[in-house]
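**Student:** Fold the following, please.
(chains A, B, C and D)
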There are 2 protein chains.
Amino acid sequence: MNIYDISRKTGVSTATVSRVINGSSSVSEKTRQKVLAAIDEYGYTPNVFARGLGLNTMKTVGILCADSSDPYLAQAVYRVEEHCRKSGYDVILSCTGYDHSVKERQMESLLSKRVDAVILVGSNYVESSDELNMYIAKAAKIVPVMIINGSINLPNVYCTVCDDYSAIYEITGKMIASGRKNPLYIYNSESYSGMQKLTGFRNALARNGIESGSGNILFVGSRKPGGRSFPVNSVKEAVSKLAASGHSFDCAVTSDDILAVGAVKYAHAAGLRIPEDFAVAGYNNFDLCECCDPELTSVDNRLDVLCDHCVSSLMTIFSGAEATIPKHTMFSGEIIERGTTDFRQDGSLKKTQ
Amino acid sequence: MNIYDISRKTGVSTATVSRVINGSSSVSEKTRQKVLAAIDEYGYTPNVFARGLGLNTMKTVGILCADSSDPYLAQAVYRVEEHCRKSGYDVILSCTGYDHSVKERQMESLLSKRVDAVILVGSNYVESSDELNMYIAKAAKIVPVMIINGSINLPNVYCTVCDDYSAIYEITGKMIASGRKNPLYIYNSESYSGMQKLTGFRNALARNGIESGSGNILFVGSRKPGGRSFPVNSVKEAVSKLAASGHSFDCAVTSDDILAVGAVKYAHAAGLRIPEDFAVAGYNNFDLCECCDPELTSVDNRLDVLCDHCVSSLMTIFSGAEATIPKHTMFSGEIIERGTTDFRQDGSLKKTQ
DNA sequence: TGTTTGAATGAAAGCGCTTACACAAAAGCG
DNA sequence: CGCTTTTGTGTAAGCGCTTTCATTCAAACA
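**Tutor:** This next block holds a predicted model:
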């Protein structure tokens, strides 16, 4: 069943059938109805390939995601897919891991499928490393590139980020303001936002005259893509080791809720009371926060807002109004206090739960 | 840059260029090299649409997934995508939520994109409800349909499942064998595997002469698709309420780790010692198990194995050997014991951790 | 050496759609 | 009531590839 069949059944030309399908130009109401009836009757669906050949688009966008099995990124992918689909675009998902060379190949593969845009979610898109970002520049010459939680300044690429720097700066400040003298920072990602967070921590310390260095900054290795489980216990052990080597902490700020869980486990194991002896803050404000005992204070980085903004912008770009879309948009995170901290001593916040 | 350009540059016909690209029939080594060199030099990529028009395939498979933001399903999607891509197939992801009518539309949309197969992951594909499964039957007339963790007997559909029934039957049995008298079952999904698990619990109780009913079977509502957080505390409260209404339990078997966390929270709140007063078993064996205190006993349902088997089978089907692929394959789960149970009293198992 | 075979190649016909162009009929105008 | 617009429709030329069929040429055989 193709457009010729419909044309024949209805006695109009294929051009007219095409016109009613696409609403591209005026067709009399009478013929429109006739054609629609025939399409319905014979269950005709236009062939996407032929259509693509003519229009040079198939209404799909590619998502390049380091690791869609990471709950955080999975959430982003879900949100983006949902929004795209509701806007009439299907989504091709391509997970890359954290290896740049692979990303480049997968980007090419996506472009060869003639996607109408590429959305990068959750990976190390760092402003500085021009060379590594070559493939993004190349892609952006062909289609718009949207980046969620990454920042890179190139023509035709649009970034949406959370102000992770300030969120960590602020939460670290609250720790200190509530009396903590020796904060520890734990992180597991050297992505763009990972680096922002780290700087936020460092600056908060500096601001308060505390030195930062290997004694209070702990990198615990990245999540392995597709890994069934993140080694929470390895975080606990890493902290224990650091403590054993003569450093002492009265709180931990982390770049991800799961690391905060590790810190909580450390505290339990070390016999420290939470939050009295040891306060903990997570990041992302995911399910995990409620699973913890006490429940985890965390930063809600409003992932949904970022994703929605990103996709909305893309649709605007598709509509031809790219001039109205900012190349860089930043939202702020929100600190959600729960049981692992006692910022209330700060006087400036009351408990959320 | 199209095939004509390459043809012109090399002085061979487009047919020959096509042949070297597809390796479809013999080309002399000399011309092959010449063509490959030109393709490389000009960075030529065949147009997928034109190609699709000729071949009627674009080497993509559709994934229909209820909720790729659920960590469990996200894991499955990741695994499937990775395997497909490595086998040369791109993946179109379509998340449906749990509403059947939506699924039907999205299935049609997938088929209209001419995917080469559809993989259904994690949803209510129930053998019994023929009517609801009509759209699967329809799809299976066009392309092979693979189902992960669901079972339905139709031509051209292939199911890969974990023996959830037996896993729950067994773990409930171990609870009883280790001295528990009043097991509680908590579940949040009425999917195919959800029902299997429930029956496993019921039968284990029956086998041991314990009655099951609304007093010891607790449905706590489904996860809301794309929901940022599963309401763990609502599980805690539901259990508390059941207990307050006069039922008493000495252990909980659950259909998902997150529910087990809720049960653990209940026990903490009620001042029960774990596992002495109250044992808890989760399901899925995810990150969460390590996050819990004590760590969660769970069932590893070998999702990765299921996914790999599913995709391998699909590739075999693509190769034309569908006759060699079983329509239904079942793997068994594995009980991973951690701190929330004390099956060792059973004598038949030692602690894993 | 004449004949057969098979490998290597090209010409050209689709694949199913969109759309520029042409044209007729209808509508609007002074 | 002629004239210009507008509206509705058809014709046919692509879009870039695959593939059938025909053809050429060299190797193999008798």
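
**Student:** what does chain A have sitting close to DNA strand C?
**Tutor:** A:2-4, A:14-15, A:17-19, A:21-22, A:24, A:44, A:46-47, A:50-51, A:53-55 (C-beta under 7 Å from any atom of the strand). (Each C-beta comes from the backbone N, C-alpha and C, glycine too.)

**Student:** could you redo the last one with a cut-off of 6 Å?
**Tutor:** A:2-3, A:14-15, A:18-19, A:21-22, A:24, A:46-47, A:50-51, A:53-55 (C-beta under 6 Å from any atom of the strand).

**Student:** mind listing the strands for the stretch 101-250 of chain A?
**Tutor:** Applying DSSP state E, counting those that start in this stretch to the stretch 101-250 of chain A gives strands spanning A:117-121, A:145-148, A:157-162, A:183-187, A:217-219.

**Student:** closest to residue B:140 out of those?
**Tutor:** strand A:117-121 (31.6 Å; C-beta to C-beta).

**Student:** got the contact list for the closest one?
**Tutor:** A:61-66, A:73, A:76-77, A:80, A:107, A:110-111, A:136, A:139, A:143-150, A:310-311, A:314, A:317-318 (C-beta atoms under 8 Å, 6 or more residues apart in numbering or on different chains).

**Student:** among those, which are in helices?
**Tutor:** A:73, A:76-77, A:80, A:107, A:110-111, A:136, A:139, A:310-311, A:314, A:317-318 (DSSP state H).

**Student:** circling back: can you lay out the strands of the stretch 101-250 of chain A as CSV showing mean pLDDT, distance to DNA strand D and mean neighbour count?
**Tutor:** Listed next are those as CSV, based on pLDDT from 0 to 100; distance: least, C-beta to the nearest atom of the strand, whole Å; neighbours: other C-beta atoms under 10 Å in any protein chain shown:
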stretch, mean pLDDT, distance to DNA strand D, mean neighbour count
strand A:117-121, 96, 20, 26
strand A:145-148, 96, 23, 27
strand A:157-162, 96, 25, 24
strand A:183-187, 97, 46, 25
strand A:217-219, 96, 47, 18
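
**Student:** Compare those strands and give me the one nearest residue B:268.
**Tutor:** strand A:183-187 (25.1 Å).

**Student:** mind saving the C-alpha coords of that closest one as PDB?
**Tutor:** Output of strand A:183-187 as PDB, limited to C-alpha atoms (Å, rounded to 0.1, in the frame of the first residue of the first chain):
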ATOM      1  CA  PRO A 183      34.900  19.400  55.800                       C
ATOM      2  CA  LEU A 184      35.700  16.600  53.500                       C
ATOM      3  CA  TYR A 185      34.800  16.600  49.900                       C
ATOM      4  CA  ILE A 186      34.100  13.300  48.100                       C
ATOM      5  CA  TYR A 187      33.600  13.100  44.300                       C
END
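
**Student:** picking that back up, can you tell me which of the ones in helices among the contacts of strand A:117-121 is closest to chain B?
**Tutor:** residue A:77 (6.1 Å; C-beta to the nearest C-beta).

**Student:** Roughly how far does the closest residue to the closest one other than its chain neighbours sit from residue B:74?
**Tutor:** Nearest residue to residue A:77, sequence neighbours excluded (C-beta to C-beta, 6 or more residues apart in numbering or on different chains): residue A:68, at 5.0 Å. Using C-beta to C-beta, to the nearest Å, residue A:68 is found at 6 Å from residue B:74.

**Student:** shared neighbours, those two?
**Tutor:** Taking C-beta under 8 Å, 6+ apart as the contact rule, residue A:68 and residue B:74 both touch A:74, A:77, B:68.

**Student:** hang on, isn't residue A:79 packed against residue A:309?
**Tutor:** No: the pair residue A:79 / residue A:309 is not scored as a contact, 10.7 Å apart, by C-beta atoms under 8 Å.

**Student:** More neighbours: the two, which one.
**Tutor:** residue A:79 (25 against 19; other C-beta atoms under 10 Å in any protein chain shown).

**Student:** ok, now which ones touch the residue in the stretch 151-300 of chain A positioned nearest to DNA strand D?
**Tutor:** Residue of the stretch 151-300 of chain A nearest DNA strand D, by C-beta to the nearest atom of the strand: residue A:156 (21.4 Å). Contact analysis of residue A:156 by C-beta under 8 Å, 6+ apart lists A:140, A:141, A:143, A:144, A:145.

**Student:** just for the stretch 201-350 of chain A, where's the confidence low?
**Tutor:** Flagging of the stretch 201-350 of chain A using pLDDT under 70 yields the residue ranges A:229, A:344-350.

**Student:** What are the boundaries of the helices in it?
**Tutor:** A:232-244, A:257-269, A:287-291, A:303-318 (DSSP state H, counting those that start in this stretch).

**Student:** In JSON lines: those, plus distance to residue B:118.
**Tutor:** Output for the helices of the stretch 201-350 of chain A, formatted as JSON lines (distance: least, C-beta to C-beta, whole Å):
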{"stretch": "helix A:232-244", "distance to residue B:118": "36"}
{"stretch": "helix A:257-269", "distance to residue B:118": "33"}
{"stretch": "helix A:287-291", "distance to residue B:118": "29"}
{"stretch": "helix A:303-318", "distance to residue B:118": "24"}
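
**Student:** Which one, of the ones you listed, ends up nearest to residue A:10?
**Tutor:** Nearest of the helices of the stretch 201-350 of chain A (C-beta to C-beta): helix A:303-318, 31.6 Å.

**Student:** buried sites along that closest one?
**Tutor:** Buried residues in helix A:303-318, defined by neighbour count with 16 or more other C-beta atoms under 10 Å in any protein chain shown: A:303-304, A:306-311, A:313-315, A:317-318.

**Student:** now swap in stretch A:320-333 and tell me
**Tutor:** residue A:333.

**Student:** Can you give the distance from that stretch to the centre of its chain?
**Tutor:** 16 Å (C-alpha atoms, centre = their mean, to the nearest Å).

**Student:** now stretch A:34-41
**Tutor:** With C-alpha atoms, centre = their mean, you get 43 Å for stretch A:34-41.

**Student:** same check, this time on stretch A:33-50
**Tutor:** 39 Å.

**Student:** close to DNA strand D, is that stretch?
**Tutor:** No: Stretch A:33-50 lies apart from DNA strand D when judged by C-beta under 6 Å from any atom of the strand; the minimum separation is 6.7 Å.

**Student:** How about stretch A:16-29?
**Tutor:** Yes: residues of stretch A:16-29 are located near DNA strand D by C-beta under 6 Å from any atom of the strand, namely A:16, A:25, A:26, A:27, A:28.
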